[in-house]
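**Q** fold the following.
(chains A and B, ligands or ions: 2)
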Amino acid sequence: MIEARNVYKTFRTPDRKEVKALVNFSTHVNKAEVVVIIGPSGSGKSTFLRCLNRLDEIDSGEIIIDGVNIYDKKININKIREEIGMVFQLFNLFPHKTVLENVTLAQQVVRKRNKGEAFEVARGLLHKVGISEKENVYPSQLSGGQQQRVAIARALAMHPKIMMFDEATSALDPEMIGEVLDVMKTLAREGMTMVVVTHEMGFAREVSDRVIFMDAGQIVEEGTAEHFFTNPVHKRTKLFLSQIL
Amino acid sequence: MTFNKRSLITVGILSIITASIYYFFTQKGIIYIWHWEKIPEMLFYYGSKSADDPTPKFRMGVLMMGFVLTLKISVFSIFFGIIIGTVVGIARLSHEPVTRGLSLSYVELIRNTPLLVQIYIIYFFVGSILRLSAFAAGTAALSIFAGAYVGEIVRAGIQSIHKGQMEASRSLGMSYGRAMRHIILPQAFKRIIPPLAGQFISLIKDSSLVSVIALADLMFQAQQAFARTYYAFEIYFTVALLYLVMTFTLSMATQYIERRLAISD
Ligand SMILES: Nc1ncnc2c1ncn2[C@@H]1O[C@H](COP(=O)(O)OP(=O)(O)OP(=O)(O)O)[C@@H](O)[C@H]1O
Ligand SMILES: [Mg+2]
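**A** Ligands and ions are numbered 1, 2, ... in the order given. Presented below is the predicted three-dimensional model:
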């Protein structure tokens, strides 16, 4: 489903320093696989996700999604993005739109569904994430956990083939983390292909097929969640796990 | 403070100022014979206009005609100013260096030359090439002038929207244009209503400069009426009040819109 080969990505900061965010990075994600990415701050986790839908552009290497090289000059990136849902740490809901409008807008303007269809899809998904009764309120009137669940519904409304989560629960108060993780777990069990940046090792253990530990733009170690709990090999992995567990 | 209280206070303060001026005149022994009775007919009168149009009926007086023209030219210029400004504001943030350079040059050129000079250039030079009427030339000059300032306000408004909004829109498959139209601009406009209102209030006042190209706006009509009658105080107080009616209405309207849009906050 996703194939990244020898990806390099370097940022240039305003003071002209070079930051190597991804260094010869290669991995693959199979259909219906749930991959969790962990790693210290600045290790390139977000950059990898953002390169998968070209919010950031890679310098070299290639990324193939569903058989299409997404850095090919001939492809329409908007078409690719329709198939890849993204959930952000800070939700990024549209504050001037109601919950229902947040979930229907892209369906209508991008997927060209008519209003009735879009509303039906949206209501179904809002029910699924457990906020049906809030469809006419604005995001500012919701708790963080509710906002993130709306954001997930918004992404799912496009019926994407892949869902990416970038620290979807790190901005939440502890008591709201569970409700968002539950939605993510349901998705995982339904067979959604997922790439999840998170430090919730409980989530990783419960639903992930594979965990990738990144540092300095590279994969240091990968394996099942169980492997990371029981016998991590590298020193950096052990040090990192000792900090988050 | 509520909306109505605030307008009440504004009106109250204005009345006090007017009363003080009147007091000053009467108490300081300045001898001036007021001719306020001549003002109403400069606003509305009943009668015939000329031999060509002899039927007696209610007609607008000169000041009211000027008021209507100023209102018209202001509404047109605000409308085109918003359109030009939106395009320029977006262009200023373009990834294309040429688009960015052109829009910046436009803004700098307009902001760093006097409006009066721009009006003359557009009227005499551009206007005579394109055979523009004085009204078209005046509206064009004011729109181009407003467009530069609105462009900078729009640019700042767009930049004030968190970049996560654009990223969320793009990640849903929206094109840059769609994201601008549905997500970024509506939020930016909501945020820039106060500076836009200030800009348009200035524009209404600045529109008095078009009287130099013989456009019969409120200022032009006032100058003509003064030249005929020498009722300087009466005419210019009335003119000030008429400008105030326009600017005050605009400022009330924007406060109303602002409150309406605040429901999603
Ligand atoms: N737009 C940018 N400009 C310059 N440097 C950037 C930019 N985005 C990311 N970086 C740098 O690239 C590196 C990788 O960043 P990235 O956001 O991918 O890390 P991360 O693993 O997601 O970290 P975190 O856990 O803090 O979110 C960091 O050193 C970061 O400072
Ligand atoms: Mg990150």
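**Q** can you show me the strands along chain A?
**A** A:2-12, A:18-29, A:34-38, A:60-65, A:68-69, A:84-87, A:162-166, A:193-197, A:210-215, A:218-223 (DSSP state E).
**Q** so which of those strands is nearest chain B?
**A** strand A:84-87 (4.0 Å; C-beta to the nearest C-beta). To be clear about C-beta, it is placed using only N, CA and C from the backbone, and glycine gets the same treatment.
**Q** what about the closest residue to A:Lys97 other than its chain neighbours, neighbour count?
**A** Sequence neighbours aside, A:Leu105 is the residue nearest to A:Lys97 in space, at 6.4 Å (criterion: C-beta to C-beta, 6 or more residues apart in numbering or on different chains). Around A:Leu105 there are 22 other residues, counting by other C-beta atoms under 10 Å in any protein chain shown.
**Q** got it, and B:Asn112?
**A** B:Asn112 - counted by other C-beta under 10 Å - has 8 other residues nearby.
**Q** model confidence for it, exactly?
**A** For B:Asn112, the pLDDT comes out at 97.
**Q** and for B:Gly29?
**A** What the model reports as pLDDT for B:Gly29 is 68.
**Q** likewise B:Lys72?
**A** Reported pLDDT for B:Lys72: 96.
**Q** just give me the longest helix of chain A.
**A** As assigned by DSSP state H, the longest helix anywhere in chain A is helix A:174-189.
**Q** and it with strand A:34-38, angle?
**A** Angle, helix A:174-189 to strand A:34-38, by axes from the mean of the first three to the mean of the last three C-alpha atoms, to 10 degrees: 140 degrees.
**Q** sorry, back to before: tell me the most buried of the strands of chain A?
**A** Comparing the strands of chain A on average neighbours per residue, with mean count of other C-beta atoms under 10 Å in any protein chain shown, the densest one is strand A:84-87 at a mean of 27.
**Q** that one: partners in the sheet, and parallel or antiparallel?
**A** Note on strand A:84-87: by DSSP bridges, its sheet partners are strand A:162-166 (parallel).
**Q** need the contact list for residue 236.
**A** Answering for chain A, as no chain was given. The contact partners of A:Arg236, by C-beta atoms under 8 Å, 6 or more residues apart in numbering or on different chains, come to A:Phe213, A:Asp215, A:Val220.
**Q** correction: the question concerned chain B.
**A** B:Ala222, B:Phe226.
**Q** ok, now A:Ala153?
**A** Counted by C-beta under 8 Å, 6+ apart, A:Ala153 has contacts A:Val103, A:Ala122, A:Leu125, A:Leu126, A:Lys128, A:Val129, A:Ile131.
**Q** 7 Å - rerun?
**A** The contact partners of A:Ala153, by C-beta atoms under 7 Å, 6 or more residues apart in numbering or on different chains, come to A:Val103, A:Leu125, A:Leu126, A:Val129.
**Q** ok so, going back, save the strands of chain A as CSV, and put in mean pLDDT and distance to B:Met219 too.
**A** Below are these laid out as CSV (pLDDT from 0 to 100; distance: least, C-beta to C-beta, whole Å):
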stretch, mean pLDDT, distance to B:Met219
strand A:2-12, 95, 54
strand A:18-29, 94, 59
strand A:34-38, 96, 67
strand A:60-65, 94, 64
strand A:68-69, 94, 64
strand A:84-87, 96, 56
strand A:162-166, 97, 59
strand A:193-197, 97, 63
strand A:210-215, 94, 69
strand A:218-223, 94, 71
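**Q** right, I'll leave it there.
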